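Q: No sequence on hand, only this structure:
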């Protein structure tokens, strides 16, 4: 399965796993990550049954893994196997793929990532505009990913930070 928008069957809501890096990938990193994920996904299986899966690198900073669970459900063991591959990629390039204590947002057309505590404080003291869009990495279906991956601050998970005094 390819997850390019032009080939998605809109009636299927594929499972999505998002790995956000703390910084953009270099061209070399993108090439190596792509090769490693193609190799892994070609043999990825759950209880011996192949998983219909694909991936894409979004905005040169986020790895999006997609699984068609209408064909075969990704089991705990298969998700663990993916985690091993992703941890190896994370360690090889120091990407911060598993650091969930960060916020990634778009300000003035630029993607920025910072520690959650610094993000919250920046909003509170006005260093970060409230006129930003925030990425939500908790999306776990392709439809949710397409519609709500990037939202205006006030509609995002970080919207509660705008009420700080």
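A: That came through fine. Because the structure is predicted, anything quoted here is derived from the model rather than measured.
Q: Geometric centre of this structure: which residue is closest?
A: What sits nearest the mean C-alpha location of the chain, by CA atoms, centre = their mean, is residue 18, with 2.7 Å.
Q: Give me the packing partners of the one helix or strand in the chain whose mean pLDDT sits lowest, helices and strands only.
A: Least confident helix or strand, the chain: helix 142-148 with a mean of 88, by mean pLDDT, DSSP states H and E. Applying 3 or more CB pairs under 8 Å, 6 or more residues apart in numbering; DSSP states H and E, one finds that helix 142-148 makes contact with strand 15-20. Using the backbone N, CA and C atoms, a C-beta is placed for each residue, glycine as well.
Q: Give me the contacts around the strand it packs on.
A: If you take CB atoms under 8 Å, 6 or more residues apart in numbering as the criterion, strand 15-20 is touched by 61-69, 74, 79, 82, 86, 90, 97, 102, 104, 113, 135, 137, 139-142, 144-145, 149.
Q: contacts for the helix or strand following that strand?
A: Remark: after strand 15-20, the chain's next helix or strand is helix 27-43, criterion DSSP states H and E. Residues outside helix 27-43 that contact it (CB under 8 Å, 6+ apart) are 25, 50-51, 53-55, 57, 60, 63, 65, 81-82, 85, 88-89, 92-93, 95.
Q: from the residues you listed, which ones fall inside helices?
A: Here DSSP state H is the test, and the contacts of helix 27-43 give 81-82, 85, 88-89, 92-93 as lying in helices.
Q: Which members of the residues you listed are classed as buried?
A: Among the ones in helices among the contacts of helix 27-43, those scoring as buried are 81-82, 85, 89, 93 (criterion: 16 or more other CB atoms under 10 Å).
Q: For residue 128, state which of these is nearest.
A: Among these, residue 93 lies closest to residue 128 (CB to CB), at 26.8 Å.
Q: ok, now how distant is that closest one from residue 109?
A: Here residue 93 is placed at a distance of 25 Å from residue 109 (CB to CB, to the nearest Å).
Q: Can you name the residues that contact residue 109?
A: Not one residue lies near residue 109 by CB under 8 Å, 6+ apart.
Q: Give me the residue ranges of the protein where confidence is low.
A: Scanning the chain with the threshold set as pLDDT under 70 gives 1-12, 163-165.
Q: one more time with 90, if that's ok
A: Applying pLDDT under 90 to the chain flags the ranges 1-14, 69-72, 100, 139-147, 159-165.
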